[in-house]
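Participant: Compute the structure for the input listed below.
(one chain, ligands or ions: 1)
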Amino acid sequence: MLPKMLRFHFTTLKASPFLPISKAIRYPTRLRSQMASFSSSSSSTLLFRQLFEKESSTYTYLLADASHPQKPALLIDPVDRTVDRDLSLIEQLGLKLVYAMNTHVHADHVTGTGLIKSKVPDVKSVISKASGATADLYVEPGDKVYFGNLFLEIRATPGHTKGCVTYVTGDTPGQPRMAFTGDTLLIRGCGRTDFQGGSSEQLYESVHSQIFTLPKNTLIFPAHDYKGFTVSTVGEEMQYNPRLTKDVETFKNIMANLNLSYPKMIDVAVPANMVCGIQSKTS
Ligand SMILES: [Fe+2]
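Facilitator: Alright, predicted model coming up:
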């Protein structure tokens, strides 16, 4: 059964009264609401949706500050095939899409960020600087991406690819945090490490230092699932992940002997995803 909060369309989060200003990517209207966000009595309502693309078994996540007047929203890991579905939902919910973000340069599907930008020109694409890909905004470890009074913190989690990041929601008393782990940590698994600058040793270190150090009730939302799982927790993966519960040498050995086939989409998807999924796109 899903955790209680996921049975609802949204949950109420209280905005942090002490938001650092430096290294923060802010939604432009945030400047006007900044004073309110510094009030400990202010609160924000997170709207959250988990969306699925069946061809690549990819999860796309929609997050929005539903209590902000403009309802600024972001998408994590949109897929080109489901852009129209996602934009239609955003319109129906009355949200203003601000960011289309990727956790990494995907090899199994073409990102929807370029297509979204062509349909909604104000949207900014976001990816890690370490990915080497083109986007409007580049994030680095410790940055915060604001949408209204809410934000995602960027944690560097290389290993599946050299530029993988995990996006983590803010720390709110009484609420579990949410970690969008991309392919770094999957439910009872992890992404492969044999392409795109991957390194099993680095992935192991990333998970243990950047994800398993989060509170155990932190919800894990991966970029994919192939068995029907939708969500896990840090505590669950620390106990039951069949790979990452092992010592590093055993883990490296497991990853070196997966005997996986060559990714069928990699030669199409990676060059496209280096430029927001649209190869002619220059911005
Ligand atoms: Fe991937």
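
Participant: Stretch 269-281 and the ion, are they touching?
Facilitator: No - judged by Cβ under 5 Å from the ion, stretch 269-281 makes no contact with the ion; its nearest approach is 9.1 Å. C-beta: built from backbone N, CA, C; applies to glycine.

Participant: Show me what that stretch is in contact with.
Facilitator: 80, 102, 105-115, 117-118, 125, 132-135, 196, 282 (Cβ atoms under 8 Å, 6 or more residues apart in numbering).

Participant: what about residue 59, which helix or strand?
Facilitator: Applying DSSP states H and E as the criterion places residue 59 in strand 58-65.

Participant: And the ion, is that strand touching that?
Facilitator: No - Strand 58-65 does not reach the ion (Cβ under 5 Å from the ion); its nearest approach is 9.3 Å.

Participant: so after that strand, what's the next helix or strand?
Facilitator: Downstream of strand 58-65 (by DSSP H and E), the next one is strand 72-76.

Participant: Tell me how far whichever helix or strand comes after that following strand lies from the chain's centre.
Facilitator: Remark: after strand 72-76, the chain's next helix or strand is helix 83-92, criterion DSSP H and E. Taking Cα atoms, centre = their mean, to the nearest Å, one finds helix 83-92 lying 18 Å from the centre of the chain it belongs to.

Participant: And stretch 52-70, by the same measure?
Facilitator: Computed by Cα atoms, centre = their mean, the chain-centroid distance of stretch 52-70 equals 10 Å.

Participant: go on, stretch 145-162?
Facilitator: 7 Å.

Participant: cool, and stretch 170-180?
Facilitator: 14 Å.

Participant: Return the set of buried residues in it.
Facilitator: Using 16 or more other Cβ atoms under 10 Å as the burial criterion, the residues of stretch 170-180 that qualify are 170, 172, 175-180.
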